[in-house]
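J.: Sequence and predicted structure are below.
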There are 2 protein chains.
Amino acid sequence: MSYFYLVPLASLVALGFAYYFFKNMKSQSEGTEKMKTIAQFVREGAMAYLKQQYKVVAIVFVVLSVIFAVMAYFGLQNNWVPFAFLTGGFFSGLAGFLGMKTATFASARTANAARTSLNKGLQIAFRSGAVMGLVVVGLALLDISLWYLILDHFVEGANEGHKLIMITTTMLTFGMGASTQALFARVGGGIYTKAADVGADLVGKVEAGIPEDDPRNPATIADNVGDNVGDVAGMGADLYESYCGSILSTAALGASAFIANPQMQQKAVFAPMIIAAIGVFLSILGIFLVRTKEDASIKTLMAALNKGINISAFLIAVLTFVILYLLGFENWLGLSFSVIAGLLAGIVIGKGTEYFTSHAYKPTQNIAKSAQTGPATVIISGIGSGMISTVIPVASIVIAILIAYLSAIGFDVKNMLTPENLGMGLYGIAIAAVGMLSTLGITLATDAYGPIADNAGGNAEMSGLEPEVRRRTDALDALGNTTAATGKGFAIGSAALTALALLASYMEEIRIGMLRLGDKIMELANGDTVEVAKASFLDFMNYFQVTLMNPKVIVGIFIGSMMAFLFCGLTMNAVGRAAQKMVEEVRRQFREIKGILTGEETPDYARCVAISTKGAQHEMLFPSLLAIAVPIITGILLGVAGVMGLLAGGLGSGFVLAIFMANSGGAWDNAKKFVEEGNLGGKGSSAHKATVVGDTVGDPFKDTSGPSLNILIKLMSMVSIVMAGLTVSWSLL
Amino acid sequence: MSYFYLVPLASLVALGFAYYFFKNMKSQSEGTEKMKTIAQFVREGAMAYLKQQYKVVAIVFVVLSVIFAVMAYFGLQNNWVPFAFLTGGFFSGLAGFLGMKTATFASARTANAARTSLNKGLQIAFRSGAVMGLVVVGLALLDISLWYLILDHFVEGANEGHKLIMITTTMLTFGMGASTQALFARVGGGIYTKAADVGADLVGKVEAGIPEDDPRNPATIADNVGDNVGDVAGMGADLYESYCGSILSTAALGASAFIANPQMQQKAVFAPMIIAAIGVFLSILGIFLVRTKEDASIKTLMAALNKGINISAFLIAVLTFVILYLLGFENWLGLSFSVIAGLLAGIVIGKGTEYFTSHAYKPTQNIAKSAQTGPATVIISGIGSGMISTVIPVASIVIAILIAYLSAIGFDVKNMLTPENLGMGLYGIAIAAVGMLSTLGITLATDAYGPIADNAGGNAEMSGLEPEVRRRTDALDALGNTTAATGKGFAIGSAALTALALLASYMEEIRIGMLRLGDKIMELANGDTVEVAKASFLDFMNYFQVTLMNPKVIVGIFIGSMMAFLFCGLTMNAVGRAAQKMVEEVRRQFREIKGILTGEETPDYARCVAISTKGAQHEMLFPSLLAIAVPIITGILLGVAGVMGLLAGGLGSGFVLAIFMANSGGAWDNAKKFVEEGNLGGKGSSAHKATVVGDTVGDPFKDTSGPSLNILIKLMSMVSIVMAGLTVSWSLL
């Protein structure tokens, strides 16, 4: 137990440093009066939106909590579930909120610092991003520690082993709270930001021919607000959810895989938390390592960031061996390699993303070249290239899964699927996801700083600062694009690794549900009987016939695959609709308020902010509720086999679709930048116009639909887990 | 056995009528000298391409046959496999070839007939399309009958039941031959036609502002050739494969599901063939019912086509009850409803496709409206709408699967998954696919007539016929667009229904492979032993642990999901690259040959034809070989569980991706037509330009990548089935 206290300690240290960095940033000057006013505008818009969003989400949370309370009353769930669910949602929202608050304070200060030097700008932006990174991991570990201590105190199990299973599966419900909040944040924020961005670009850049972030564009403020609510608050909630999800599902798997060995069981539950805690300390160290000389070039900056991340990652890898050895795992060596498999997969996915989205490489350059034959070929080649780019992440995850599994069971290939090896191997895969996310404190810092730099650029433009400042913030922003793509890779990669653990947790919940109903014995297909309390995962697979010859499973796979596409389709259309409204409003203002384009009159920014807010509120509800409803309905109609199929289908097609959309979007963005840097005719050429079309299409791909998919995959699993009691007691087929 | 002779009889009748319709069409006049010359040009280009393609494909077939021969030598397959494989490929190619030959003769004659009246044009185009429909079903039933008779004569099994299993699984290898040929035809033809189409449009319509099919456009002939090699020859090979695949896999399932009852087993093998045979007779009846008055409007034409199809479908449904009753099936009533479930699913998918792609309905109109804000929003809303449109086909197939299964087992829900019920239920699902495709003779006729009308329009334009003729052929073409979308729905829908049967055949081949290796007993996970010869599908699932908790299965699902995207990405990029080359060539000709645009000089059509030919040849090889290689490699690395995962993942994501791509593409095409009909500013407006971008992007979506996916899904299954012996003897994990 003593090691466990590292977890709350790491949490408090992380939150402490976050507060320190925040104060430090706040003490800087926000620059000129105009800069302050604009920052205030953006801040108010962002806060107003978040307030609106939380109101809607709060209603959803209240309704769901009541449903859980009713379920608990009827014995379909335990009494802790509604509360755990609420805290997960609360902390996930809080992580996003604090991150965004920091970002809205930091952008003008970054712009102001960039007036002095590039390096000063980097320091402020990066340290402010670090606030977000540390708040996310700090709150996650806080929530985890508190709930563990509370449940450990109150929950009573048949024995110690059973108790730990009850604790860890209950804690997963706060994962569901986090996922629900994250989905709303990603979808709502994503629609908001892209409606504003697409709308601003279509009329501003394309029709009126004014530059990005020009104060004459009525949608500019909305666009800058969008960066904060989508890319900061949305991403914070998203990664909070990924981080908690990987730790909690590993803990839950540890509790069931090691049930025969009570002493190790406790340690298997703690191990992912402790690795995460160590990761927090090392992330803070890494953050302090990010320093450059005053006259650093952008390449040096990138190297400085990478140095911080790499050192953290390397030290985590080394310390994993020590931790797992000290905890006394028999297979500490194998499990350590599982963690490293996850870490490496994350890095390879990041490199693959860079190759397919950075304009330093062929694929994106080819997309840019295809602009010479117009926008249609830009779209065709961007989609083609994005689809091909799925190979690297899929291969990385596939290899990581196999290595993590085999290494955890000591490469006992002949007995790969005995019940014991299956439990241990799945634990290996789950802990690989923890490894991948262990450096989140610092990777998220480099991730969150992108939108801060982006907003700093907006502020500089609108405040009419000298062009040199804008050039500097643009350089910082470009750096942020690459790190942002890496962050998305981590989120989706860890989702894929966590998925198997969630399937296992689902089985545990089914077991608990059966026991609650008094089903003590289950009869397998061949007539054998097994005690439900002692049945292995494979016995459950046999009992519920979760095989690929079962039409219920295949039907589930179809529905799951469809869900990923349907969800993307709904969010794409939502952006399209909201953007069209924005375009109409901007056109109206240009038409009716004559002095805008000459700079004599101020546009009505607030109306554009209101349009984005309303569009996002209105449009986020249906797809998000669908993600919650479909697993429940599938469970009621098709039972356990159908749900497992649904989750597997959603995982397979959602994972690949997410990568495709993120990478196509990223590549289009950079293909445009490639042309803007003076290639193929440069700004204003027909090739440039064609790449602008690609970039606009890519906006919802990479910032709305794509990054929501990893949450969708996990939320569907979480809902199934929480609703398992219902599926067990009622199901039609 | 006596019923069986209906099958060769139907085949000969179909081929006879095909010949009659062909002769009839040939006896019509081809029109003016200019029309003849142009038709000759197109004919030569198409034949030249097909010759090239068959050369490449022949090499692939020779290599694969040698591999199969070697496998047979080493006892990994039986000796018939290489020959069956070759005939499947040959007949599939022949079906495409004859259909294309007919189409290239028919287009000028259709244009010429359209000079007299719309109805005359319809008659020629439709009857020529019927040649293709009847050739496909005729050759399929011929191949099936011949092989059945040969194998029945030569194959010796341990007993009658075993013999039928040997026969039907061997016959599946000719399904693999058909799939391989079909994939090359679809991919090669698809790249050819879209490279030409996209290239012609980008320079001709967009840059030079000349109309479609204008003789001044150097890529016009290539574009018209493309319609024939892609939409006719490619589609013929594709649907030949779908048709054979559904019949053969149902027969194979019948052989294994009814193994305990030799008398019924034989009938279960014949049933799908006989239903197909009856379908052929009724299709011919339906074709003769398609008649209209001389002054018929386009609506009446559509009604006439629908009347033919609906009467055929209705009679098939009625006769199915009679056939299955006469064959003596105990559950004839239930199985008949399975067939009807398939038929209905096909119709609902068709209606859904129409709703999401016809500009008579909201979704496509909304895409058109989004053109007012430029090409980017056209792309966003087209992708969004296409993704949402996957709901209807997935729901139809899911419901059809469940109903076909449950109805076949007499709604014995409590014992849904006993080994007997599983066999019978899967047979029900498989025969539903046969039901869906039973009217192929006539549906394919309405499908193949689209490109004929399209080419007739091209011929009219290039020959400088009066605009009224072009208006008439355009009307015919528009009708063809809807029917073509329905045809694609049938192909992908039947692929989804056939998939489960193919998984079952895979298990049978694994059984045969194990027995060949001398594995007579298999030990299940719980220590029980089962005789391999008598093991049920579920025993195999248990033995190979093909459950969703097995990481090998999950890894397989990831790879399968990725394959669908990778394949699409490769073909999209192939079209993009080939189209760019075409654009450069057209631009070069406009630049260097001064008299082209004034009509004083003839462009160099042949060079454009050569570019498309070379591009298609070059680009089709890698994606097609990948589809063959990946299942083999997966089998060797991950064994049976990995392969099953691969097939399930490919099925889930491939099915949904295919619908998305086909429907987005269709909707963009019609959104453009909606604007061209005078809405939102009509031709030449900025909205029109935006929809042209959508249409161009949609070209490879709907005619290259999307329609290849159903073949990909089936080819991967077929390869796995044929290579099962290899997977059983060697596999790493």
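T.: Received it, and whenever you're ready, just let me know what you need.
J.: In three-state terms, label the residue of the stretch 101-250 of chain A found nearest chain B for me.
T.: The minimum distance from the stretch 101-250 of chain A to chain B, using CB to the nearest CB, falls at A:Leu202 (5.5 Å). In this view, the C-beta of every residue, glycine as well, is placed from N, C-alpha and C. Look at A:Leu202: counting by DSSP: H, G, I helix; E, B strand; the rest coil, its state is helix.
J.: I figured it hits B:Val378, correct?
T.: No - in this structure A:Leu202 lies outside contact range of B:Val378 using CB atoms under 8 Å: 11.7 Å.
J.: Longest helix in chain A, by number of residues?
T.: In chain A, ranked by residue count with DSSP state H as the criterion, the top helix is helix A:605-676.
J.: Following element in sequence after the lowest-mean-pLDDT helix or strand in chain A, please.
T.: Here the helix or strand of chain A ranked lowest by mean pLDDT, DSSP states H and E is helix A:467-517, holding a mean of 86. Sequence-wise, the next helix or strand downstream of helix A:467-517 (DSSP states H and E) is strand A:521-523.
J.: who touches the very next helix or strand once past that following strand?
T.: The helix or strand immediately downstream of strand A:521-523 is strand A:529-531, counting by DSSP H and E. With CB atoms under 8 Å, 6 or more residues apart in numbering or on different chains as the test, strand A:529-531 has contacts from A:Lys520, A:Ile521, A:Met522, A:Glu523, A:Leu524, A:Asp539, A:Tyr543.
J.: what's the pLDDT at the second one?
T.: As summarised for this prediction, A:Ile521 has a pLDDT of 92.
J.: what is the nearest residue to it once chain neighbours are set aside paired to in the beta sheet?
T.: Closest residue in space to A:Ile521, ignoring its immediate chain neighbours: A:Thr529 at 5.2 Å, by CB to CB, 6 or more residues apart in numbering or on different chains. Beta-bridge pairing for A:Thr529 (DSSP bridges): A:Glu523.
J.: can you tell me how far A:Thr529 sits from chain B?
T.: Counting by CB to the nearest CB, to the nearest Å, the gap from A:Thr529 to chain B is 11 Å.
J.: For that residue, grab the count of nearby residues.
T.: A:Thr529: 10 surrounding residues under other CB atoms under 10 Å in any protein chain shown.
J.: A:Ala445 versus that one, what's the distance?
T.: According to CB to CB, to the nearest Å, A:Thr529 and A:Ala445 sit 54 Å apart.
J.: for A:Thr390, same thing?
T.: 28 Å.
J.: neighbour-wise, which of the two wins?
T.: The residue with more neighbours, out of A:Thr390 and A:Ala445, is A:Ala445; 31 against 26, by other CB under 10 Å.
J.: list the contacts for the more buried one?
T.: A:Ala445 touches A:Phe126, A:Gly129, A:Ala130, A:Met132, A:Gly133, A:Leu134, A:Ser283, A:Ile287, counting by CB under 8 Å, 6+ apart.
J.: and if you look at A:His688?
T.: Counted by CB under 8 Å, 6+ apart, A:His688 has contacts A:Ala371, A:Lys672, A:Val675, A:Glu676, A:Leu680, A:Gly681, A:Gly682.
J.: Out of those residues, which is nearest to B:Val575?
T.: A:Ala371 (16.3 Å; CB to CB).
J.: just the strands in the stretch 301-450 of chain A please.
T.: Assigned by DSSP state E, counting those that start in this stretch, the stretch 301-450 of chain A shows no strands.
J.: Okay, now the unreliable bits of it?
T.: Residues of the stretch 301-450 of chain A that meet the criterion pLDDT under 70 are absent altogether.
J.: Would you quantify the distance from A:Ala616 to A:Pro623?
T.: To A:Pro623, A:Ala616 is 12 Å away according to CB to CB.
J.: do the same with A:Ser505
T.: Remark: distance between A:Ser505 and A:Pro623 (CB to CB) = 25 Å.
J.: so what's the residue nearest to A:Gly423 when sequence neighbours are not counted up against?
T.: Leaving aside its sequence neighbours, A:Gly423 sits nearest to A:Ala257 (CB to CB, 6+ apart; 3.2 Å). Applying CB under 8 Å, 6+ apart, we find A:Ala257 in contact with A:Ala268, A:Gly423, A:Met424, A:Leu426, A:Tyr427.
J.: again, 6 Å this time
T.: A:Gly423, A:Met424, A:Tyr427 (CB atoms under 6 Å, 6 or more residues apart in numbering or on different chains).
J.: which one of those is nearest chain B?
T.: Out of the contacts of A:Ala257, the member with the shortest distance to chain B (by CB to the nearest CB) is A:Gly423, at 10.0 Å.
J.: Just give me the neighbour total for the closest one.
T.: If you count neighbours by other CB under 10 Å, A:Gly423 ends up with 23.
J.: now swap in A:Glu468 and tell me
T.: For A:Glu468, the count of nearby residues is 12 (other CB under 10 Å).
J.: cool, and A:Asp197?
T.: A:Asp197: 27 surrounding residues under other CB under 10 Å.
J.: close enough to count as contact, it and A:Asp699?
T.: Yes - under the criterion of CB atoms under 6 Å, A:Asp197 makes contact with A:Asp699 at 5.5 Å.
J.: Am I right that A:Ala10 is in contact with A:Ala277?
T.: Yes - at 3.6 Å, A:Ala10 counts as touching A:Ala277 under the criterion of CB under 6 Å.
J.: neighbour count winner among the two?
T.: A:Ala277 (29 against 26).
J.: Show the contacting residues for that one.
T.: A:Leu6, A:Val7, A:Ala10.
J.: ditto for A:Ser705
T.: For A:Ser705, the contact set (CB under 6 Å, 6+ apart) comprises A:Cys568, A:Thr571, A:Met572, A:Met661.
J.: which residues does the first one contact?
T.: By CB under 6 Å, 6+ apart, the contact set of A:Cys568 is A:Ser705, B:Met387.
J.: Name the helix or strand for it, please.
T.: Using DSSP H and E, A:Cys568 sits within helix A:551-592.
J.: That helix vs helix B:605-676, what angle?
T.: If you take axes from the mean of the first three to the mean of the last three CA atoms, to 10 degrees, helix A:551-592 sits at 70 degrees to helix B:605-676.
J.: Which pLDDT value belongs to A:Ser65?
T.: Taking A:Ser65 on its own, its pLDDT is 94.
J.: From B:Leu538, how far out is the residue lying farthest from the centre of chain A?
T.: Distance to the chain centre peaks in chain A at A:Gly527, reaching 44.7 Å (criterion: CA atoms, centre = their mean). Distance from A:Gly527 to B:Leu538, counting by CB to CB: 12 Å.
J.: Could you tell me how many residues sit around A:Ser29?
T.: A:Ser29, neighbours per other CB under 10 Å, totals 11.
J.: Could you do A:Thr598 as well?
T.: Neighbours around A:Thr598, by other CB under 10 Å: 8.
J.: next one: A:Asn415
T.: A:Asn415, neighbours per other CB under 10 Å, totals 10.
J.: A:Val318 too?
T.: Using other CB under 10 Å, A:Val318 has 12 other residues around it.
J.: now stretch A:584-600: how far from the chain's centre is it?
T.: 38 Å (CA atoms, centre = their mean, to the nearest Å).
J.: Could you list the buried residues of that stretch?
T.: A:Glu585, A:Val586, A:Arg587, A:Gln589, A:Phe590, A:Ile596, A:Leu597 (16 or more other CB atoms under 10 Å in any protein chain shown).
J.: so can I have TSV of these showing distance to A:Ile397 and pLDDT?
T.: Shown next, in TSV, are these (distance: CB to CB, whole Å; pLDDT from 0 to 100):
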residue	distance to A:Ile397	pLDDT
A:Glu585	43	92
A:Val586	42	91
A:Arg587	45	90
A:Gln589	47	92
A:Phe590	48	90
A:Ile596	50	87
A:Leu597	50	85
